[in-house]
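Colleague: Sequence plus the predicted model coming up.
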Amino acid sequence: MGCAEKVVASVRLDRVCKVYEGGHVAVDDASFEVADRELMVLVGPSGCGKSTLLRMIAGLESITKGAVSIDGREVNEVAPKDRNIAMVFQSYALFPHLTVAQNIAFGLKVRKVPAAEIERRVLATTRTLELDSMLDRLPRALSGGQRQRVALARALVREPAVFLLDEPLSNLDARLRQSMRIELARLHRQLGATMIYVTHDQVEAMTLGQRIVVFDRGRIQQIDTPLRLYQQPANRFVAGFLGSPAMNFLPGRLADDGANLAVGAQILQLDGAARALARPAGASGRDVVLGVRPEHVHVVLPDTADTAAPVDPRLTATLEAIEPTGSELHLVFRCGPYQLIARVAPRPLPEPGALLQLRLALDHLHFFSSESEGRRIGPVV
Ligand SMILES: Nc1ncnc2c1ncn2[C@@H]1O[C@H](COP(=O)(O)OP(=O)(O)OP(=O)(O)O)[C@@H](O)[C@H]1O
Ligand SMILES: [Mg+2]
């Protein structure tokens with residue numbers, strides 16, 4: 001594909017809604033723009049409306065309200081085949097009576113691509129996706145992961161301007177998933193195509209997305225780069241959804257002057273930074289939820305001098321369990337009614353049951369409102 005003939009393929013959603021028959025609101029007022037050649041990931045828990053949104057972009061689902069535009073042109077009424085998009089379905093949707101090669105070539109045949117060109121593209125794609133040894137098999141003779149790769153190959157050979165991928169790697173084992181992820185990112189760069197990639201897997205979203213749309217219960221929660229979502233989550237849902245183990249949440253009450261936070265029976269002293277964050281946002285003297293990621297919870301061991309960062313707030317907690325992952329330890333603590341996880345390098349530790357002091361990195365504390373939507377408190381920089 002030469003640059004001159006490359007179509008610009010931005011995708012834009014304006015206040016898109018989907019209400020299914022029976023009144024279920026699957027997508028509520030979704031607006032965002034995917035730039036030409038961008039890889040945008042749409043992530044959220046099962047049932048939040050991801051497939052519905054993608055199917056509306058593809059033209060396979062009617063749009064209740066709002067507009068979908070591709071390349072600046074509204075396509076609400078444009079047939080799927082005329083949108084220059086290829087979609088990989090969550091459910092593969094392969095033709096059972098066609099072989100792997102025939103399934104992959106099908107879309108090209110329909111578009112009357114010359115036979116030699118079809119063969120060249122099918123071979124190149126199947127080699128990339130490690131399917132070249134099973135070209136003559138029928139789908140029923142394939143594993144779930146292999147079927148999923150055929151579905152992916154079928155979209156890739158078409159070389160469309162926009163790819164819509166609905167959980168295309170969900171049936172692969174961990175090794176294949178990772179190598180396919182790297183392959184997809186490479187293909188994205190190489191093809192210069194716009195991609196919208198749907199997943200419920202936050203690791204996949206973080207590693208693959210240039211930007212990520214976080215979705216929950218039909219509503220967009222936040223749109224940003226992976227790093228900014230991780231560092232500045234807009235609300236408790238985003239904070240808890242991205243990152244593993246998940247962010248720890250400790251409900252507490254901020255003192256009137258913002259100088260400390262009462263968590264159960266303990267008082268966490270907050271230095272200027274946290275105070276400055278809390279006060280202008282009007283959070284002083286009210287209930288908030290403190291968020292701290294496991295890598296920002298440090299354990300103060302009894303026999304080592306605790307000289308680091310004296311301003312960091314401290315908390316006493318009972319060590320309940322130690323989960324080794326090989327490269328690190330996940331330490332599960334209990335602090336009154338709350339559980340707290342710390343992520344530390346492997347090291348000798350006291351037995352579970354020990355009462356230990358935890359140091360929370362002051363520069364990495366998050367505050368959220370205690371209301372149900374749990375908005376972030378403080379400036380977003
Ligand atoms: N044809 C339909 N009629 C009525 N409700 C539907 C229909 N299709 C989906 N839904 C509902 O809309 C909501 C969103 O479904 P959708 O398939 O978009 O979720 P999803 O985010 O893709 O989930 P998953 O990760 O499990 O694939 C769900 O509550 C689902 O039950
Ligand atoms: Mg889905």
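Modeller: That came through fine. Ligands and ions are numbered 1, 2, ... in the order given.

Colleague: I'd assumed residue 359 was in contact with residue 316.
Modeller: No - checked against CB atoms under 8 Å, the pair residue 316 and residue 359 is beyond contact range at 11.0 Å. Using the backbone N, CA and C atoms, a C-beta is placed for each residue, glycine as well.

Colleague: helix/strand/coil for the one residue in the chain that gets nearest to ligand 2?
Modeller: Nearest residue of the chain to ligand 2 (CB to the ion) works out as residue 51 at 3.1 Å. Three-state call for residue 51 (DSSP: H, G, I helix; E, B strand; the rest coil): helix.

Colleague: So residue 316 and residue 359 - more neighbours on which side?
Modeller: residue 359 (19 against 14; other CB atoms under 10 Å).

Colleague: For that one, give the beta-bridge partners.
Modeller: Residue 359 has these beta-bridge partners by DSSP bridges: residue 298, residue 314.

Colleague: Would you map out the domains in this protein?
Modeller: Following automatic domain parsing, the chain resolves into domains at 11-239, 247-369.

Colleague: mean confidence for the first one?
Modeller: In this case it means domain 11-239. When pLDDT is averaged over domain 11-239, the result is 93.

Colleague: anything in that domain near ligand 1?
Modeller: Yes - residues of domain 11-239 contacting ligand 1 under CB under 6 Å from any ligand atom: 20, 24, 26, 44, 46-52, 90, 200.

Colleague: The most far-flung residue of the chain relative to its centre: helix or strand, and which one exactly?
Modeller: In the chain, the residue that sits farthest from the middle, by CA atoms, centre = their mean, is residue 303; the gap is 40.4 Å. According to DSSP states H and E, residue 303 maps onto no helix or strand at all.

Colleague: quick one: it from residue 312, how far?
Modeller: According to CB to CB, to the nearest Å, residue 303 stands 19 Å off from residue 312.

Colleague: before we move on, what about residue 334?
Modeller: Applying CB to CB, the value for residue 334 to residue 312 is 20 Å.

Colleague: For the two, indicate the residue with more neighbours.
Modeller: Neighbours were counted for residue 334 and for residue 312 using other CB under 10 Å; residue 312 has more, 22 against 13.

Colleague: ok, now how distant is the more buried one from ligand 1?
Modeller: Distance of residue 312 to ligand 1, given as CB to the nearest ligand atom, to the nearest Å: 39 Å.

Colleague: Also residue 141?
Modeller: For residue 141 relative to ligand 1 (CB to the nearest ligand atom), the value is 26 Å.

Colleague: now residue 252
Modeller: 33 Å.

Colleague: Pretty sure that residue sits against residue 292.
Modeller: No - here residue 252 does not reach residue 292: they are 11.6 Å apart, not a contact under CB under 8 Å.

Colleague: quick one, helices of the stretch 251-381 of the chain?
Modeller: 272-278 (DSSP state H, counting those that start in this stretch).

Colleague: Turn the domains of the chain into TSV, including distance to residue 378.
Modeller: Putting the domains of the chain into TSV (distance: least, CB to CB, whole Å) gives the following:
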stretch	distance to residue 378
domain 11-239	10
domain 247-369	4
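
Colleague: Just say which of those domains is most tucked in.
Modeller: domain 11-239 (a mean of 18; mean count of other CB atoms under 10 Å).

Colleague: What's the end-to-end length of it?
Modeller: Using CA to CA, to the nearest Å, one end of domain 11-239 lies 27 Å from the other.

Colleague: And for stretch 50-66?
Modeller: 17 Å.

Colleague: Quick one: distance of it to the chain centre.
Modeller: In terms of CA atoms, centre = their mean, to the nearest Å, the centre of stretch 50-66 is found 20 Å from the chain centre.

Colleague: what comes into contact with it?
Modeller: 11, 13-19, 26-27, 29-31, 42-44, 68, 70, 75-76, 78-80, 83, 85, 87, 90, 164, 166, 196, 198, 200, 215 (CB atoms under 8 Å, 6 or more residues apart in numbering).

Colleague: What are the boundaries of the helices in the stretch 51-200 of the chain?
Modeller: Under DSSP H, counting those that start in this stretch, the stretch 51-200 of the chain gives helices at 100-110, 115-128, 144-156, 174-191.

Colleague: Run through the neighbouring helices and strands of the shortest one.
Modeller: In terms of contacts (3 or more CB pairs under 8 Å, 6 or more residues apart in numbering; DSSP states H and E), helix 100-110 is packed against helix 115-128, helix 144-156.

Colleague: Check the offset of the shortest one from the chain's centre.
Modeller: With CA atoms, centre = their mean as the basis, the distance from the averaged C-alpha position of helix 144-156 to the chain average is 22 Å.

Colleague: The first one too?
Modeller: The chain centroid and the centroid of helix 115-128 are separated by 32 Å, computed with CA atoms, centre = their mean.

Colleague: Ok, stretch 43-56 next?
Modeller: Centroid separation for stretch 43-56 versus its chain: 12 Å, with CA atoms, centre = their mean.

Colleague: One more: stretch 192-199?
Modeller: For stretch 192-199, the distance to the chain centre is 13 Å (CA atoms, centre = their mean).

Colleague: for residue 259, phi and psi?
Modeller: phi -80, psi -20 (degrees, to the nearest 10).

Colleague: was I right about it contacting residue 285?
Modeller: No - Residue 259 is not in contact with residue 285 according to CB under 8 Å; the separation is 11.0 Å.

Colleague: Show me which residues of the chain are close to ligand 2?
Modeller: 51, 90 (CB under 5 Å from the ion).

Colleague: 6 Å instead?
Modeller: 50-51, 90, 166 (CB under 6 Å from the ion).

Colleague: three-state assignment of residue 27?
Modeller: Assigned with three-state DSSP, residue 27 falls in the strand class.
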